[in-house]
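Q: kindly return the folded structure for what I paste below:
(4 chains)
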2 protein chains.
Amino acid sequence: MTINECSFILEIVRYKDDNKQQAICDAAIELITANGFADTSMSKIAKAANVSPATIYVYFENKEELINKIYLFVKQEMSAELLRGVGANRSVAEAFKIIWNNFYKYATVNPVRFAFTEQFANSPLVARCREESMSFFKPLLDLFNRGVAEKIFKDISLEIFIAFTFSPLTGLIKEHFSGGIVLDEKALETTFEIAWDAVTN
Amino acid sequence: MTINECSFILEIVRYKDDNKQQAICDAAIELITANGFADTSMSKIAKAANVSPATIYVYFENKEELINKIYLFVKQEMSAELLRGVGANRSVAEAFKIIWNNFYKYATVNPVRFAFTEQFANSPLVARCREESMSFFKPLLDLFNRGVAEKIFKDISLEIFIAFTFSPLTGLIKEHFSGGIVLDEKALETTFEIAWDAVTN
DNA sequence: GTTGATTAAACGAACATTCGGTTATTTTTA
DNA sequence: TAAAAATAACCGAATGTTCGTTTAATCAAC
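A: The predicted structure follows:
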C-alpha cells in the first residue's frame, strides 16, 4: 500500500508523483526513528528523499501535518495487517492468535515504522490525533466484545485486556530491537500462553 | 532529593546555587513533556527557569548532556522510591506488592517526570544511556531471582516478568493520564491480581 | 581584591517556510 | 490531430527567525 491509497489522506490530484510522496514519507520515518524529532529537519528529509524542500510543501501543509499524516498512515497500515487471515467464521481463540502473530510479524517486518509509531505515541505530539488513530482498531474491540460475550475472556475493560496482551508483546519487541533480549519463537510462544491465560476465564 | 544530591551528577562546587540547577531541570522536564524535544530550546528552558541561557552551560556541557542527566536523575529517583518500605525481611509477595504500589504512587505523584521518562525511553536518545539507567533496577532483579529460587515466580526471563507486571501497569497509567480511562483503586487491584497470577506458579 | 557565579549580547549555523521561475502534463481550441 | 493555453508539479535560492553555544563583562561573596 502506498500512502496515496490511504483514503483519508488522498486528495484529488492529477499528476502528482506517488513515488515522490512515498519517498518523502519513508525518508521522514527513517530519519525520525534514527535521530528523533529534534534532529530531523525538513531540509534533511528533502535531501534523503532526493527532493527539493519546497516540494514537500506541495504534498503537506507544514511539518506538523507531515508527521501527523505519516503516523495515521502507519497506524492504518498496521491495523489492516493485523486482520490479515482473520475470516468472519473464525473462533475467538483462532482470531486472537492470528492477530497476535500478525502484530509480531508487522513489527519485525517493519521495525522502523514500528519504532516510529512508538516514539510518536509516547510524545506529546500524539495528542492531536489520538482519537483518529484509535478508530482503526475497532475490529479488535469487536473481537474483544465477542470474547467477553462468549465468556472466553474475563469481564475486564478493553484497556486492561490490551495491557495484558499487546502491551507485554510491544515491550518485548522493543527489548528485542534494542538488543536486550532475543525474542525467538519459543519465547514468543511462552509469552502468548501467559497472555492468553491472563485474559481468559 | 535534589539533583545535586544525586551522586553521579554532583561535582565539587562552591557557590553554585542548587535551586538554580533544580529550576533548570524542572523547567526542561516540564517543557519537554508538554511540547516535545523538537519544540524545547535552551532559551525556552532558560526563560522558564528564570535564568540566562549561558547559566545552563555552567551546570551542563551541552543540551544533550542536560537531557541525559535529567533522564538518569529521574530514573534513579524513581528506582529509589520503588524500594520505600521494603525491608530486608519482607517476603517475596509482600515486597512485590509494595514495589508495585510504589510504582503507581510515583507515577501519579510525579506525572510530568513519569511522562518525561516514557517519552525519552521511546526515543532514539535513550540509546546513549540505556545501560546506565538499567543499573538502577538491580534490587528488582534481586527480588525476581529470589522469587524464582523460592518457586513463587514462574521460571521465565526477567524481561517477560516485567512484560506482565510493570508494562501493563505503565500502559494503564499512560491511558489514565491521557484521559482514556480512570485507573481507580478497584481497577488497580484487578490489574495487580492478573499480573500476580500471570507471573506466579 | 580576588574568585567564581551570572549574564547580556553576540556568534555562525540551521531552521521552517516562501518566492519566482521552469518544466511537464492536460485541456482547449482549431 | 496539432498547436496553444492553462494548470500544477517541481526546484534552487532566499526569507526572516530561532537555534545551540560562546565571549566578555558584571556582580556578589569572602
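Q: what angle separates the helix or strand that contains A:Ala198 from helix B:185-199?
A: Assigned by DSSP states H and E, A:Ala198 belongs to helix A:185-199. Here helix A:185-199 points in a direction 140 degrees away from that of helix B:185-199 (axes from the mean of the first three to the mean of the last three C-alpha atoms, to 10 degrees).
Q: what's the offset of helix A:185-199 from the middle of its chain?
A: Relative to its chain's centre, helix A:185-199 lies at 21 Å (C-alpha atoms, centre = their mean, to the nearest Å).
Q: tell me the mean pLDDT for that helix?
A: Averaging pLDDT along helix A:185-199 gives 97.
Q: tell me, how many residues neighbour the nearest residue in space to A:Trp100 that is not next to it in sequence?
A: In this structure, A:Trp100 finds its nearest non-sequential neighbour in A:Phe192, 6.0 Å apart by C-beta to C-beta, 6 or more residues apart in numbering or on different chains. The C-beta positions use only the backbone N, C-alpha and C, and glycine is treated the same way. Close neighbours of A:Phe192, defined as other C-beta atoms under 10 Å in any protein chain shown, add up to 18.
Q: how near is A:Phe192 to B:Thr190?
A: Counting by C-beta to C-beta, to the nearest Å, the gap from A:Phe192 to B:Thr190 is 22 Å.
Q: and A:Thr190, by the same measure?
A: Going from A:Thr190 to B:Thr190 by C-beta to C-beta gives 24 Å.
Q: what's the biggest helix in chain A, counting residues?
A: In chain A, ranked by residue count with DSSP state H as the criterion, the top helix is helix A:63-82.
Q: list the buried residues in that helix.
A: Going by neighbour count (16 or more other C-beta atoms under 10 Å in any protein chain shown), the buried part of helix A:63-82 is A:63, A:66-79, A:81-82.
Q: which bits of chain A sit near DNA strand C?
A: A:14-15, A:39-44, A:53-54, A:57, A:62-64 (C-beta under 7 Å from any atom of the strand).
Q: I'd say A:Ser133 and A:Lys75 touch.
A: Yes. Counting by C-beta atoms under 8 Å, A:Ser133 touches A:Lys75, with 4.6 Å between them.
Q: show me what the lowest-mean-pLDDT helix or strand in chain A is packed against.
A: One helix or strand of chain A scores below all others by mean pLDDT, DSSP states H and E: helix A:130-134, with a mean of 92. For helix A:130-134, the packing partners by 3 or more C-beta pairs under 8 Å, 6 or more residues apart in numbering or on different chains; DSSP states H and E come out as helix A:63-82.
Q: so is the helix it packs on next to DNA strand D?
A: No. Helix A:63-82 is not in contact with DNA strand D by C-beta under 7 Å from any atom of the strand; minimum separation 12.5 Å.
Q: what does that helix rub up against?
A: In this structure, residues lying in contact with helix A:63-82 by C-beta atoms under 8 Å, 6 or more residues apart in numbering or on different chains are A:1, A:3, A:6, A:8-9, A:24-25, A:28-29, A:32, A:37, A:42, A:45, A:56, A:59-60, A:99, A:102-103, A:105-106, A:110, A:113-114, A:116-117, A:120-121, A:125-126, A:128-129, A:132-133, A:136-137, A:139-140.
Q: output that helix as CSV, nothing but the C-alphas.
A: Extracted in CSV, the C-alpha atoms of helix A:63-82 (Å, rounded to 0.1, in the frame of the first residue of the first chain):
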residue,chain,number,x,y,z
LYS,A,63,5.9,19.9,9.2
GLU,A,64,3.3,19.1,11.8
GLU,A,65,0.8,17.9,9.2
LEU,A,66,3.5,15.8,7.5
ILE,A,67,4.3,14.0,10.8
ASN,A,68,0.7,13.5,11.8
LYS,A,69,-0.3,12.1,8.5
ILE,A,70,2.6,9.7,8.5
TYR,A,71,1.6,8.5,11.9
LEU,A,72,-2.0,7.9,10.9
PHE,A,73,-0.9,6.2,7.7
VAL,A,74,1.3,3.7,9.6
LYS,A,75,-1.3,3.1,12.2
GLN,A,76,-3.9,2.3,9.5
GLU,A,77,-1.5,0.1,7.6
MET,A,78,-0.7,-1.8,10.8
SER,A,79,-4.4,-2.2,11.8
ALA,A,80,-5.1,-3.6,8.3
GLU,A,81,-2.2,-6.1,8.6
LEU,A,82,-3.5,-7.2,12.0
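Q: quick one: distance of that helix to the chain centre.
A: Taking C-alpha atoms, centre = their mean, one finds the center of helix A:63-82 at 7 Å from the center of the full chain.
Q: elements contacting the strand or helix carrying A:Lys47?
A: Assigned by DSSP H and E, A:Lys47 belongs to helix A:42-48. Identification of packing neighbours for helix A:42-48 by 3+ C-beta pairs under 8 Å, 6+ apart yields helix A:18-35, helix A:53-59.
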